[in-house]
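Trainee: Next one to model:
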Amino acid sequence: MEFESFLNGVLLIKPKVHQDHRGHFFESFRQDALKEMGVTLNFIQDNQSLSNAGILRGLHFQAPPHAQGKLVRVIKGAVRDVVVDIRKESPTYGQFAAFELTEENFHALYVPPGFAHGFLTLRDQTIFTYKCTDYYHPETEGGVLWNSPELNIPWNIDQPILSEKDTKLPTFNDFNSPF
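Mentor: All right, here's what the predicted structure looks like:
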């Protein structure tokens, strides 16, 4: 596995993929490799979503004491994946990083606690999966509006399909981070 680091804790993971006439094989998760990169949290819940093109989910997080780290990847399709540092004391607070995760590139992304996370599906029938370091607790969920002018995230879409809940999230300037 190859790792690239972003925003003081986010890891882009590029697995070694073995392909031949039969298909492909790769290790999609190696706890020991993540530990070598400083990720010592245990993953305890797996989630999966199916979305058509133009669906935007995010920007979401869970606040302490149930803050979640996530290990995300695409099984089928493609997404534009975005993380925003919401750790007040971080030198990269308020900065974002964006990645394209596809079924063809096999990349995964580790998102530590203290980041808002979201993704835009680029193809129909995209299957997105993520491992979490804590269970879902609705009372600690939060988020930031996907198109907050202060963040200026280049989603490359004007009218994504959003959940009603995601349309009511605060802009980054109106947001008070619990981290």
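
Trainee: Which stretches in this structure count as helices?
Mentor: For the chain, the helices defined by DSSP state H occupy 31-36, 164-167.

Trainee: Between the ones you listed, which one is closest to residue 87.
Mentor: Residue 87 lies closest to helix 31-36 among the helices of the chain, at 19.6 Å (Cβ to Cβ). Heads up, the C-betas are built off the backbone N, CA and C, glycines and all.

Trainee: Select from the helices of the chain the stretch with the lowest mean pLDDT.
Mentor: Ranked by mean pLDDT, the helices of the chain bottom out at helix 31-36, which scores a mean of 94.

Trainee: Show residues contacting that one.
Mentor: Helix 31-36 is contacted by residues 1, 3, 11, 71, 110 when judged by Cβ atoms under 8 Å, 6 or more residues apart in numbering.

Trainee: for the third one, what are its contacts?
Mentor: Residues in contact with residue 11, defined by Cβ under 8 Å, 6+ apart, are 3-5, 34, 37, 39, 109-110.

Trainee: Please, a ChimeraX command that selects the buried ones among those residues?
Mentor: ChimeraX command restricting those to the buried ones, with burial defined by 16 or more other Cβ atoms under 10 Å:
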select :34,39,109,110
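
Trainee: Turn the contacts of residue 11 into a markdown table, including distance to residue 90.
Mentor: Formatted as a markdown table, the contacts of residue 11 follow (distance: Cβ to Cβ, whole Å):
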| residue | distance to residue 90 |
| --- | --- |
| 3 | 19 |
| 4 | 18 |
| 5 | 14 |
| 34 | 20 |
| 37 | 18 |
| 39 | 17 |
| 109 | 18 |
| 110 | 16 |
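
Trainee: Please narrow the contacts of helix 31-36 to those residing in strands.
Mentor: The strands, defined by DSSP state E, take in 3, 11, 71, 110 from the contacts of helix 31-36.

Trainee: What is the nearest of the contacts of helix 31-36 to residue 127?
Mentor: Nearest member of the contacts of helix 31-36 to residue 127, counting by Cβ to Cβ, is residue 71, at 15.2 Å.

Trainee: For the nearest residue to the closest one once chain neighbours are set aside, give its distance to residue 166.
Mentor: Among residues not flanking residue 71 along the chain, residue 131 sits closest, at 4.3 Å (Cβ to Cβ, 6 or more residues apart in numbering). Distance of residue 131 to residue 166, computed by Cβ to Cβ, to the nearest Å: 22 Å.

Trainee: All the strands of this protein, residue numbers only.
Mentor: Secondary structure of the chain (DSSP E): strands at 2-6, 10-14, 18-20, 23-25, 45-51, 56-62, 70-76, 78-85, 96-102, 108-111, 115-121, 126-132, 141-143.
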